[in-house]
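Peer 1: Give me coordinates for this.
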Amino acid sequence: MKLKVNDKVTESPELVSNCFNKYFMSVGEAPSPAAAAAAAGSPTPPRAPAPPPPRAASSSLHSMFLHPVTETEILKIINSLGNKNTSGDDEIPSTLLKSCADILKYPLTRLINQSFKEGIFPEKLKMAKIIPIPKNKRRKDTDPDKFRPIALLSVISKIYEKAMTNKLTTFLEKNNLLHKNQHGFRKRHSTTLAVYKYMQEIYNYLNEKKYAIGLLLDLSKAYDKVSHKILLSKLYDSGVRGIAHDWFRSYLENRQQYVQIQHTDLHAQQIAKIFK
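Peer 2: Residues are numbered from 1 along each chain as shown. Model (predicted):
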């Protein structure tokens, strides 16, 4: 793979991987003025035993509790993983993990429950292996902006994530904390339903001889620009407090990544910590 580094095109795997890593890490570093102001006005709750901040007027009266997961739940999560031979930094593909599911369900259940009990996400699972993929495969681009980062995480990390996602989704749905027009990442919702409701609104206005105006927004690199401070504050106001809140903060803290080019040695690559 060729990449322009300091106005010179190079094929050195180490230079290319380091250049990609610096670029991908720089995306979303500077928040917008509005986001910075929001973050400044939304302090993240301190860890126990320090007292939590005053509850906002819009805060949820309910709190999320992390009940233990069962072996049956973990086995179901493992079996739901895709059959892929790709792997994260630990070099464990999902196909291997699924073939050992009956043996691994017990230790994984114990580990995940301990993680939920302590409010700590394992540091070893925070490393992401990044594979740069060209946005246009027909062109021979040498600009890092023309590549899309594909993050390969540990498959074990995904099991932790799915277990927590199930608990968070159940809590949010049960307490009606999601907006009625939130269609992404929800059961019994889809983009088709979103389009249907959108078109129905337009037809209703037109039938009433009114104007209908649509405003469509596309945020560039939206996920990369999410402020962790604002996200944690929103979770707290929604009822994710105490140990559950500690777990999410631990999950977001001190995450690391490296870019792999042609199986370059990890020690030869720049490992950057992600702070937001």
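Peer 1: can we go C-alpha only for contacts and neighbour counts from here?
Peer 2: Will do.
Peer 1: how about the helices in this protein?
Peer 2: 13-26, 33-40, 71-80, 94-99, 101-118, 155-174, 191-207, 228-238, 242-252 (DSSP state H).
Peer 1: any chance of the ones you listed in a markdown table, plus mean pLDDT?
Peer 2: Conversion of the helices of the chain to a markdown table gives the following (pLDDT from 0 to 100):
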| stretch | mean pLDDT |
| --- | --- |
| helix 13-26 | 86 |
| helix 33-40 | 56 |
| helix 71-80 | 98 |
| helix 94-99 | 96 |
| helix 101-118 | 98 |
| helix 155-174 | 96 |
| helix 191-207 | 93 |
| helix 228-238 | 95 |
| helix 242-252 | 97 |
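Peer 1: Those into a markdown table, with extra columns for mean neighbour count?
Peer 2: Putting the helices of the chain into a markdown table (neighbours: other C-alpha atoms under 10 Å) gives the following:
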| stretch | mean neighbour count |
| --- | --- |
| helix 13-26 | 20 |
| helix 33-40 | 13 |
| helix 71-80 | 17 |
| helix 94-99 | 18 |
| helix 101-118 | 17 |
| helix 155-174 | 16 |
| helix 191-207 | 12 |
| helix 228-238 | 19 |
| helix 242-252 | 20 |
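Peer 1: mind checking which of those helices is nearest residue 259?
Peer 2: helix 13-26 (5.2 Å; C-alpha to C-alpha).
Peer 1: Of the helices of the chain, which is nearest residue 262?
Peer 2: With C-alpha to C-alpha, the closest approach to residue 262 among the helices of the chain belongs to helix 13-26: 6.8 Å.
Peer 1: Please list all residues in contact with the closest residue in space to residue 83 that isn't next to it in sequence.
Peer 2: The shortest distance from residue 83 to any non-neighbouring residue, by C-alpha to C-alpha, 6 or more residues apart in numbering, is to residue 95 (5.3 Å). Residue 95 sits next to 82-85 when contact means C-alpha atoms under 8 Å, 6 or more residues apart in numbering.
Peer 1: most neighbours, which of those?
Peer 2: Greatest neighbour count in these, by other C-alpha atoms under 10 Å, goes to residue 83: 13 neighbours.
Peer 1: Quick check, pLDDT for that one.
Peer 2: Note for residue 83: predicted pLDDT of 94.
Peer 1: Surely it is in contact with residue 96?
Peer 2: No. Residue 83 is not in contact with residue 96 according to C-alpha atoms under 8 Å; the separation is 9.1 Å.
Peer 1: What separation is there between the residue nearest to residue 206 when sequence neighbours are not counted and residue 205?
Peer 2: The spatial neighbour of residue 206 that comes closest, neighbours along the chain excluded (C-alpha to C-alpha, 6+ apart), is residue 212 at 6.9 Å. According to C-alpha to C-alpha, to the nearest Å, residue 212 and residue 205 sit 6 Å apart.
Peer 1: Then residue 70?
Peer 2: Distance from residue 70 to residue 205, by C-alpha to C-alpha: 50 Å.
Peer 1: Next: residue 141.
Peer 2: The value you get for residue 141 to residue 205, if C-alpha to C-alpha is used, is 47 Å.
Peer 1: what does residue 82 give?
Peer 2: 44 Å.
Peer 1: longest single strand anywhere in this structure?
Peer 2: strand 127-134 (DSSP state E).
Peer 1: Would you mark the buried spots in that strand?
Peer 2: 127-132, 134 (16 or more other C-alpha atoms under 10 Å).
Peer 1: quick one on the thing from earlier: and the contacts of residue 95, which is closest to residue 248?
Peer 2: Set against residue 248, the nearest of the contacts of residue 95 by C-alpha to C-alpha is residue 82 (24.7 Å).
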